[in-house]
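*Asks:* Quick one: sequence and predicted model below, then my questions.
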Amino acid sequence: MSRTVLVLLNQPSLDAPPHEVGADAIRLVDPSLPHLSVLDLAATRGDGIFESVSVARGKAHAVEAHLRRLAHSAAILDLPGPDLDVWRAAIETVIAELDPVPEALIKAVMTRGIEGDNRPTGWVYVSPSPDYADARANGIRVVMLDRGYRHDVERTSPWLLAGAKTLSYAVNRAVLREASRRDADDVIFVSSDGYVLEGPTASVLFRRGNSLLTPGTGLGILDGTTQGDIFAWAAENGFETGFEQLTPAELGEADAVWLVSSGRQAAPVREIDGEPHAVDASLTSEINAYLMSRDN
Ligand code: PLP
């Protein structure tokens, strides 16, 4: 029996026609069967957007923030606006059909569809998560890699789609192979003009004294839903929170650094470019306990 649950959306956007007039909005299908055309622009050009939403104890995390980011990514790519009600319902459907597992990950994908067809393709699936216990408890080793773009490309060069969560993640996978060649687990991207950006699948969070900080928005990086929730929790628990554009050297001086994301949640960084970095184990546990207990 497959432990993946998959639904297809008949009309991912109200700004484009449905795939089948009068059909159900959401159709539960067998994930072991083919459903995507080889002509879909997702397959031929990586032209589409996605969201990964974590699930713990049957509850999906930060759904509204993920839906907002899906709509934001669609706008950056000039895709028709996703019908957020149907995407929300698709997320609820896959969770309802999922066998009980401690943690799972939902993927919501919208593509530009088949070239010339003008109907986006949309699907949502959920699968049990890999075991992240080691990264959360023992930390990760990261290397800083040049992303090759200035920190301000989002403003100067919007066609680069910086800040959108696009399907074109081949680079985000290539850097992990480079990390592995350098005996590390993950990556923190640095802009070509020397500012800390984000990981290939995570936001950077750091602590300086009583402040929890992140490099911020407008740097061609994603607005992290996990970072957003951590800031809300931190503000209620006596921390200052804020955004700070900083250099790798300044990050190296932070009291603690994490990569935070849906799925793995908060992974403390224990080594940067081969140099040991202090880990705040008790704050990591508190943050992860909060993240895993989220009800929405
Ligand atoms: N930055 C990038 C490039 C990502 O791919 C992700 C998540 O996949 C994040 C940041 C973190 O976002 P979130 O916390 O919403 O998962």
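*Replies:* On my side now, so go ahead. Numbers count the residues shown, from 1 in each chain.

*Asks:* mind listing the strands in the stretch 151-296 of the chain by residue range?
*Replies:* Listed in chain order, the strands of the stretch 151-296 of the chain (DSSP state E, counting those that start in this stretch) span 186-190, 203-208, 211-214, 240-243, 256-261, 265-272, 275-276.

*Asks:* Pick the most buried one from the ones you listed.
*Replies:* strand 256-261 (a mean of 26; mean count of other CB atoms under 10 Å). For the C-beta atoms, the positions are set from N, CA and C on the backbone; glycine is no exception.

*Asks:* Residues contacting that strand, please?
*Replies:* 52, 140, 142, 186, 188, 199, 201-207, 224, 226-227, 230, 251, 266-269, 272, 277-280, 283-284, 287 (CB atoms under 8 Å, 6 or more residues apart in numbering).

*Asks:* Can I get the strands of the stretch 151-296 of the chain in CSV including mean pLDDT?
*Replies:* Shown next, in CSV, are these (pLDDT from 0 to 100):
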stretch, mean pLDDT
strand 186-190, 98
strand 203-208, 98
strand 211-214, 98
strand 240-243, 98
strand 256-261, 98
strand 265-272, 98
strand 275-276, 98
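
*Asks:* Take the ones you listed and write them to CSV, including distance to the ligand.
*Replies:* Formatted as CSV, the strands of the stretch 151-296 of the chain follow (distance: least, CB to the nearest ligand atom, whole Å):
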stretch, distance to the ligand
strand 186-190, 8
strand 203-208, 5
strand 211-214, 10
strand 240-243, 14
strand 256-261, 4
strand 265-272, 9
strand 275-276, 23
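
*Asks:* Just put those strands in a markdown table and tack on distance to V94.
*Replies:* Listed next are the strands of the stretch 151-296 of the chain as a markdown table, based on distance: least, CB to CB, whole Å:
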| stretch | distance to V94 |
| --- | --- |
| strand 186-190 | 28 |
| strand 203-208 | 25 |
| strand 211-214 | 30 |
| strand 240-243 | 32 |
| strand 256-261 | 20 |
| strand 265-272 | 20 |
| strand 275-276 | 41 |
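
*Asks:* Walk me through the domains of the chain.
*Replies:* Listed domain ranges for the chain are 5-128, 133-293 (source: automatic domain parsing).

*Asks:* What residues does the protein have near the ligand?
*Replies:* Residues of the chain that fall close to the ligand, judged by CB under 6 Å from any ligand atom: 52, 198, 200-203, 222, 224-227, 260-262.
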